[in-house]
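**Q** got a predicted structure here, sequence first:
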Amino acid sequence: MSITNVSVLSGHTDRVWSVDWNHTGKNLASCGTDKTVRIWGNEGKNWICKAILAEGHRRAIRRVSWSPCGTRLATASFDATICIWDKKSGEFECVATLEGHENEVKAASWSASGSFLATCSRDKSVWVWETYDEDDFECAGVVTSHTQDVKDIKWHPNEDILASASYDDTIKVFEADEDEWVTAATLEGHSSTVWSITWDKTGDRLASVSDDKTVKIWKRFKTGNILNIGSNSKYTWKCVCTLSGFHTRTIFSVDWCHLTGLIATGAADDSIQVFKEDEKSDPDQPNFDLLCRVNQSHSQDVNCVSWNPVVQGLLATASDDCDIKLWNVSCN
């Protein structure tokens, strides 16, 4: 098992908060404190910046997220807005600005169908926006079950189910109940802020990372019980594995590769680490092994890790050092 740095993408003038690949794996979007979004693409063996989006936000851009079709971007900013960017004119333009959050918007995530966009904020709320056409978004629900800043939000890979991570040390799972979005489950187990979450390919498991320096694997089990008043969820969630003792400081980001099943993490100890599930272990009590790590992958905090959805083993990382790096993770 090896991990090799294959490219360094420089251009941002301040910390890079987020990177996200589009569905083709040919374009990478990045954003950061310099209030810009950059679109990167490869020409031959070289990766270049193909576009800079600089007119949408007044403050740092915390998260960038491609739509499933790969033609639209959502950006979440500390200015309390979300911008929707579209390339239908030939160049990316901001076609909608979504307002409603009272404080910094920390993340945005598209549902697999592209019909919903979820956002979360320092104001402790999770919003679900429904899109009726390319530029028309309407708030379909606001959930306020977290008691602190909501750091991350991710849609289930196949279903209209949503998970969020918070400064209140919990993960929430949300489902639609008739015309409302309700809290179907609360996942408790971390002892400090949950910074990032990611679904596996099946959507039956979640991985989470925290200020407590652990990675936790959660699995849903079918049940006939009603979990919460107002929710008729048929699932309950359990923590089936905890990985600890690997990172020495806060883990900021986690991504579960749907091609290989590998889990990548990035942390304030400047390292990136890659884990693999032991195929011989019990699925209800799985074991994950550390396959490789790069201790000084960046010169400062690693804020985001993101697997390419098409090219096996291609990992993007973003850091406070203003750089984005591409890595080849080989299992051979």
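**A** Sure, I can see it. Numbering: from 1, shown residues only.
**Q** please make it C-alpha for all contacts and neighbour counts, starting now.
**A** OK.
**Q** my guess is residue 126 meets residue 143, correct?
**A** Yes - in this structure, residue 126 is within contact of residue 143 by C-alpha atoms under 8 Å, at 5.2 Å.
**Q** list the buried residues for stretch 61-72?
**A** In terms of neighbour count (16 or more other C-alpha atoms under 10 Å), stretch 61-72 has its buried residues at 61-68, 70, 72.
**Q** where are the low-confidence patches of this structure?
**A** Along the chain, segments meeting pLDDT under 70 span 134, 224-233, 332.
**Q** looking at the buried residues of stretch 61-72, which are in helices?
**A** Members of the buried residues of stretch 61-72 lying in helices (criterion: DSSP state H): none.
**Q** could you pull out the buried residues of stretch 135-153?
**A** Within stretch 135-153, the residues scored as buried using 16+ other C-alpha under 10 Å are 137, 139-143, 146, 148-153.
**Q** which strands and helices lie in contact with the host helix or strand of residue 315?
**A** Taking DSSP states H and E as the definition, one finds residue 315 inside strand 314-319. Secondary-structure packing of strand 314-319 (3 or more C-alpha pairs under 8 Å, 6 or more residues apart in numbering; DSSP states H and E): strand 16-21, strand 302-307, strand 324-330.
**Q** partners of that strand, with directions?
**A** Pairing partners of strand 314-319, with direction, according to DSSP bridges: strand 302-307 (antiparallel), strand 324-330 (antiparallel).
**Q** tell me what angle that strand forms with strand 16-21.
**A** Using axes from the mean of the first three to the mean of the last three C-alpha atoms, to 10 degrees, the inter-axis angle of strand 314-319 relative to strand 16-21 is 160 degrees.
**Q** who touches strand 314-319?
**A** Applying C-alpha atoms under 8 Å, 6 or more residues apart in numbering, the external contacts of strand 314-319 come out as 15-19, 266, 298, 300-308, 324-329.
**Q** quick one on the thing from earlier: can I get the helices and strands packed on strand 314-319 in a markdown table with mean neighbour count and distance to residue 234?
**A** As requested, the helices and strands packed on strand 314-319 are exported to a markdown table (neighbours: other C-alpha atoms under 10 Å; distance: least, C-alpha to C-alpha, whole Å):
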| stretch | mean neighbour count | distance to residue 234 |
| --- | --- | --- |
| strand 16-21 | 26 | 32 |
| strand 302-307 | 28 | 31 |
| strand 324-330 | 19 | 37 |
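**Q** of those strands, which is nearest residue 104?
**A** strand 16-21 (13.7 Å; C-alpha to C-alpha).
**Q** packing partners of the next helix-or-strand element following that closest one?
**A** Counting by DSSP H and E, the element after strand 16-21 in chain order, helix or strand, is strand 27-32. Judged by 3+ C-alpha pairs under 8 Å, 6+ apart, strand 27-32 is in contact with strand 16-21, strand 37-43, strand 61-66.
**Q** just the CA atoms of the first one, as PDB, please.
**A** In PDB, the C-alpha atoms belonging to strand 16-21 read as follows (Å, rounded to 0.1, in the frame of the first residue of the first chain):
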ATOM      1  CA  VAL A  16      -8.600  26.400   1.500                       C
ATOM      2  CA  TRP A  17     -11.700  25.100   3.400                       C
ATOM      3  CA  SER A  18     -13.200  22.700   0.900                       C
ATOM      4  CA  VAL A  19     -12.800  20.700  -2.300                       C
ATOM      5  CA  ASP A  20     -15.300  18.600  -4.200                       C
ATOM      6  CA  TRP A  21     -15.200  16.600  -7.400                       C
END
